[in-house]
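Colleague: Predicted model follows, preceded by the sequence.
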Amino acid sequence: MKKEQPDYSDLQQSVDMLIGKFGLVKTIEVINNLSGNTQLQSSDTQKVKLLLVYIVSQSIQIFNLQETDFYTSTIQEYRDARMACYFLLKKYTDTSYAKIGENFQQSKRAVMYNYHKCDEILSIPSFYKPFVAKFKILENNVVNFIAKLN
């Protein structure tokens, strides 16, 4: 039978693997970076711009899309990828909905709608398995990228 939720023994195994891979000092540094710096402030404008470009490029790759159609296509996969971008930008930066929309040529309302829709989809992952699987990969990549930026 498959485990539903990870537990502390899973956490300990993962920490042990990190220590084995990076050593104790580097593992502590990585954990401190992740626990304290997983959000970028809008005052770090260059980092926020880098994150925007990174999220878009990763979503194009993970969702297997064409870059030329990313901002304009109405095909569901493109809409899902943009929705994931809005959600992650809002979650990991303190950028406003309006500013996120400006970067995607969308209204504040469209970004808000998609943010809340994504949040709802993520709350019931069993109904949206393909999207949630791609989203988790994208989010993991984003968290690793932010850790490297900080």
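Modeller: It's in.

Colleague: where does the chain have low pLDDT?
Modeller: Where the chain drops to pLDDT under 70, the residues are 1-3, 33-44, 150.

Colleague: okay, now the domains of it?
Modeller: Taking automatic domain parsing as the reference, the chain has its domains at 1-36, 40-149.

Colleague: Could you single out the most deeply buried of these?
Modeller: Burial of the domains of the chain is given as mean neighbour count (mean count of other Cβ atoms under 10 Å); domain 40-149 ranks first at a mean of 16. In this view, the C-beta of every residue, glycine as well, is placed from N, C-alpha and C.

Colleague: From residue 97, how far out is residue 115?
Modeller: Using Cβ to Cβ, to the nearest Å, one gets 7 Å for the distance from residue 115 to residue 97.

Colleague: Next, show the common contact partners of the two.
Modeller: Taking Cβ atoms under 8 Å, 6 or more residues apart in numbering as the contact criterion, the common neighbours of residue 115 and residue 97 are residue 90.

Colleague: what packs against the helix ranked longest in the chain?
Modeller: The helix spanning the most residues in the chain, taking DSSP state H as the definition, is helix 129-149. Packing partners of helix 129-149 (3 or more Cβ pairs under 8 Å, 6 or more residues apart in numbering; DSSP states H and E): helix 24-36, helix 45-62, helix 76-92, helix 108-123.

Colleague: Tabulate those helices (JSON lines), appending distance to residue 70.
Modeller: JSON lines is the format used below for these (distance: least, Cβ to Cβ, whole Å):
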{"stretch": "helix 24-36", "distance to residue 70": "29"}
{"stretch": "helix 45-62", "distance to residue 70": "6"}
{"stretch": "helix 76-92", "distance to residue 70": "6"}
{"stretch": "helix 108-123", "distance to residue 70": "14"}
